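>>> next input, structure requested:
(one chain, ligands or ions: 1)
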Amino acid sequence: MGAKYDALKAHLADVENLNHAQGLLNWDQQTQMPPGGAPARAAQVATLARIAHEMFTSDETAKMLDDADAEIAGMPYDSDEASLVRVVRQDYEDLVKLPSDLVAELTRATSMAHEVWAKAREDNHFRTFQPSLEKIVDLTVQVAEHLGFQDQPYDALVDQYERGITTARIKEIFDAHKPALVALIAAIQARSDRVSDAVLHQEFDVDQQRAFSVEVVQALGYDFNRGRIDVAVHPFATSFSRNDVRITTRFNARWLNPALFGSIHEAGHAMYEQNVGEALEGTPLGAGTSLGVHESQSRMWENMIGRSKGFWCWAFPRLQTIFPAQFGRVDLDTFYRAINKVQPSFIRVEADEATYNLHIMLRFELESEMTAGKIRIGDLPEEWNDRFEAFFGITPPSDSLGVLQDVHWSMGLIGYFPTYALGNLLAAQYYQKAIQARPSIPDDIAQGKFDTLRTWLTENIHQHGRKFTSDELTRRVTGEPIQSRDYIHYLQTKFAEIYGL
Ligand code: ZN
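Have a look, this model is predicted:
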C-alpha cells in the first residue's frame, strides 16, 4: 500500500501495543498477581490507558486518517484498507467526543465502586452501594450526552457495545420472542419432574476436571500453541494477538458445570480471536467485531454444541472413564437431560438456555429506564423484585440474589447486558446457516470432528475481525438481520424432546 496508509497503520500499531500491554497487566492481575499489587497495578494500567487514549485521539490521528483515506480512495468497501480507515474513523469520532476528565472521573468512580459493590453484595445491603451507583449512572448519562443519541441516553450506551443498534430496536427484538419463551418455560414447568440434574452435583476431583476440560477445548479447536488456560474468580478470555489468546476458568469440586461449560464458553470466545485473518494482526481490526457476535460464538460452542446429544455421544464415554464412580452407571440420556434442566432461578450466570434471555430483558428494562431518569436508583431493589416476580413467578429472597448479583454496573458497563441475549439469537441464526451450508456438521460432531463447523465459522465470521459491524456481518452470513425465529425454533425442538412436550 501507499506511504500514507502505512504510516497510519504504524501509528495505530503503537496504540494497539499499548492496549495489549494493558490487557496483559489485567490478565496478570486476575490470574497471578498477589493482592498487595493492586494499587500499583491500577496506576500502571491508568498510565498506559492515558497514553493510548491521548495517542489515539490526537490531531495527528485525524490527519493521518484523512491522508490515508485520500490515498486509498476507490478501494472496495470490504478491502482491508477501506475497512481499516472506515472503522478507525468511527472509533476516533466516538472517543474524541469524550472529555478526558470525564473519562478519568468514570475510571476513578468505577475502580472505587468495585470494592463497595462486593461488600454490599456480601452484606446483602443495597444502600451501601446506592451512592456509588448513583454516581456511575450520572457519569454514564453524561458520557451518553457527549456521544449523542436519537431518542434516549441508553441509545448511545448500547451503541458502544453493538454498533448501530438502538433501544427501540432491542425492544422490538425482545418483544418478538418474550411470549414464546414464557410459554415454553410454563410448559416445561408443568413437567419439571421429568428431568433431574442430581448427577452433576457429586464430588469431582479438580485435577481430573481440568484434564477433561483441556481435552475437550483442544478437540473443539482451541489452539494451545497460541493459548493457555488459568484459574480466575470471574472467568474470561483475553487476546494480545491472534497468536496469544488466553482463557480462564474456575473449579467447583462438587459441581461439574462451572469448569466444563465455562471452559467451552471461553474457548468459543478464544477461537474467534485465534482465527481472525492474519493480515489484520496488529491493527484495530484484529479482534471480534462486537460483544453480541462474540457471545454468539461462546454460546454456540457452550450450548448448541456442548449441550447437544451428538456432542455427548462422543464425549460421554470419555467422561465416564475419567469419573467412573460418578458416571459409570449413568446412561447418556440421563446425563444429557441433566445438563439441560430448565428451572427459573435467581442468578443469571447459572440460568439455563430457556430462561436466560428473560434475565436480560429484565436488566434491559431497568437500565433503559434508569438512564432515562424514569426510575430512581433508590427504588431499584423494589423495581427489580416486582419485575422479577412478573417475569419468573418467584421473588428474590435477598438483594444479593437480586439487584446486587452482577458486577457490571459497578464497572460502569451499562448497556452491555443486551449483547448476551443478542448473542443467543445470533448463535442460533449462524448455526442454522452453517448446517444448511455443511449438512454433515451434526454427524461430524457426534464423531468428535469439529473442524467442519469451525472452518465454516472461520471463513464466514472469524476471519473478518472488525471489518463489518454486527448487522453487516449477520446480513452477509444469513441474508437477513438478527431475528429470534431460529433461537425459538431451536429451543422448542430441543426441549419438546427432553420434556416430552
Ligand atoms: Zn461470554
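
>>> after the helix or strand harbouring residue 180, which helix or strand is next?
Taking DSSP states H and E as the definition, residue 180 sits inside helix 167-189. Next along the chain after helix 167-189, taking DSSP H and E as the criterion, comes helix 206-220.

>>> tell me the contacts of residue 423?
The contact partners of residue 423, by C-beta atoms under 8 Å, 6 or more residues apart in numbering, come to 291, 292, 293, 294, 295, 296, 298, 299. Backbone N, C-alpha and C define where each C-beta goes, glycine included.

>>> what's around the fourth one, how many residues?
Spelled out, that is residue 294. 22 (other C-beta atoms under 10 Å).

>>> swap in the last one?
Neighbours of residue 299 under the rule other C-beta under 10 Å: 26.

>>> gap between the residue positioned nearest the centre of the chain and residue 307?
Centrality entry for the chain: nearest residue to the mean C-alpha point is residue 295, 4.1 Å, by C-alpha atoms, centre = their mean. Separation of residue 295 from residue 307 (C-beta to C-beta, to the nearest Å): 16 Å.

>>> got it, and residue 417?
From residue 417 across to residue 307, the span is 22 Å (C-beta to C-beta).

>>> same check, this time on residue 191
19 Å.

>>> if you count what's nearby, which of the two comes out ahead?
residue 307 (17 against 14).

>>> tell me the contacts of the more buried one?
Residue 307 neighbours (C-beta under 8 Å, 6+ apart): 261, 339, 340, 353.

>>> rerun that using 10 Å as the cut-off
261, 264, 336, 339, 340, 352, 353, 494 (C-beta atoms under 10 Å, 6 or more residues apart in numbering).

>>> quick one: which of those residues is most hemmed in?
Greatest neighbour count in the contacts of residue 307, by other C-beta under 10 Å, goes to residue 264: 25 neighbours.

>>> now name the helix or strand holding it.
helix 257-274.

>>> now swap in residue 421 and tell me
Short version, using DSSP H and E: residue 421 is in helix 418-437.

>>> and the helix or strand just after that helix, average pLDDT?
Downstream of helix 418-437, the first helix or strand assigned by DSSP H and E is helix 441-446. The pLDDT scores in helix 441-446 average 98.

>>> mind listing what's buried in helix 441-446?
Of all the residues in helix 441-446, those buried under the rule 16 or more other C-beta atoms under 10 Å are 441, 442, 444, 445, 446.

>>> same thing with stretch 177-187?
Going by neighbour count (16+ other C-beta under 10 Å), the buried part of stretch 177-187 is 177, 180, 181, 182, 184, 185, 187.

>>> so residue 490 is in which element?
Here residue 490, judged by DSSP H and E, is contained in helix 485-499.

>>> run through the neighbouring helices and strands of that helix.
helix 167-189, helix 309-322, helix 332-338, helix 356-371, helix 418-437 (3 or more C-beta pairs under 10 Å, 6 or more residues apart in numbering; DSSP states H and E).

>>> in TSV: the ones you listed, plus distance to residue 287 and mean pLDDT.
Below are the helices and strands packed on helix 485-499 laid out as TSV (distance: least, C-beta to C-beta, whole Å; pLDDT from 0 to 100):
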stretch	distance to residue 287	mean pLDDT
helix 167-189	23	97
helix 309-322	27	98
helix 332-338	35	98
helix 356-371	23	98
helix 418-437	15	98
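
>>> of those helices, which is nearest residue 223?
helix 309-322 (19.4 Å; C-beta to C-beta).

>>> buried sites along that closest one?
So, applying 16+ other C-beta under 10 Å, buried residues of helix 309-322: 309, 310, 311, 312, 314, 315, 316, 319, 320.

>>> residues making contact with whichever helix or strand comes after that helix?
Where DSSP H and E defines the elements, the next helix or strand beyond helix 309-322 is helix 324-327. Residues outside helix 324-327 that contact it (C-beta under 10 Å, 6+ apart): 199-200, 202-205, 208, 256, 316-317, 319-321, 334-335.

>>> between those residues, which sits nearest residue 22?
residue 256 (34.4 Å).

>>> for that closest one, grab phi and psi.
Dihedral angles of residue 256 (phi, psi; degrees, to the nearest 10) stand at phi -70, psi -30.

>>> now the closest residue to residue 306 other than its chain neighbours: how far from residue 287?
For residue 306, ignoring the flanking residues on the chain, the nearest one in space by C-beta to C-beta, 6 or more residues apart in numbering is residue 264 at 4.4 Å. Distance of residue 264 to residue 287, computed by C-beta to C-beta: 21 Å.

>>> what angle separates the helix or strand that contains residue 389 from helix 167-189?
Secondary structure from DSSP H and E places residue 389 in helix 380-392. Helix 380-392 and helix 167-189 are oriented at 60 degrees to each other (axes from the mean of the first three to the mean of the last three C-alpha atoms, to 10 degrees).

>>> could you dump helix 380-392 to PDB, C-alpha only?
What follows is helix 380-392, C-alpha atoms only, in PDB (Å, rounded to 0.1, in the frame of the first residue of the first chain):
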ATOM      1  CA  LEU A 380     -34.100  -0.300  42.200                       C
ATOM      2  CA  PRO A 381     -34.300  -3.200  44.700                       C
ATOM      3  CA  GLU A 382     -38.100  -2.900  44.700                       C
ATOM      4  CA  GLU A 383     -38.400  -2.400  40.900                       C
ATOM      5  CA  TRP A 384     -36.100  -5.500  40.500                       C
ATOM      6  CA  ASN A 385     -38.100  -7.700  42.700                       C
ATOM      7  CA  ASP A 386     -41.500  -6.700  41.400                       C
ATOM      8  CA  ARG A 387     -40.500  -7.300  37.800                       C
ATOM      9  CA  PHE A 388     -38.600 -10.500  38.600                       C
ATOM     10  CA  GLU A 389     -41.800 -11.800  40.100                       C
ATOM     11  CA  ALA A 390     -43.700 -10.800  37.000                       C
ATOM     12  CA  PHE A 391     -41.100 -12.400  34.700                       C
ATOM     13  CA  PHE A 392     -40.400 -15.600  36.600                       C
END
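
>>> adding secondary structure, pLDDT and distance to residue 465, write the contacts of residue 423 out as CSV.
What follows is the contacts of residue 423, written out as CSV (DSSP: H, G, I helix; E, B strand; the rest coil; pLDDT from 0 to 100; distance: C-beta to C-beta, whole Å):
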residue, secondary structure, pLDDT, distance to residue 465
291, helix, 97, 14
292, helix, 98, 15
293, helix, 98, 11
294, helix, 98, 12
295, helix, 98, 16
296, helix, 98, 15
298, helix, 98, 17
299, helix, 98, 20
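
>>> in this protein, which helix has the most residues?
Longest helix in the chain by number of residues (criterion: DSSP state H): helix 3-31.

>>> surely residue 497 and residue 195 touch.
No. Residue 497 is beyond contact range of residue 195, at 11.5 Å (criterion: C-beta atoms under 10 Å).

>>> how long is stretch 234-245 end to end?
Stretch 234-245 stretches 17 Å from its first residue to its last (C-alpha to C-alpha, to the nearest Å).
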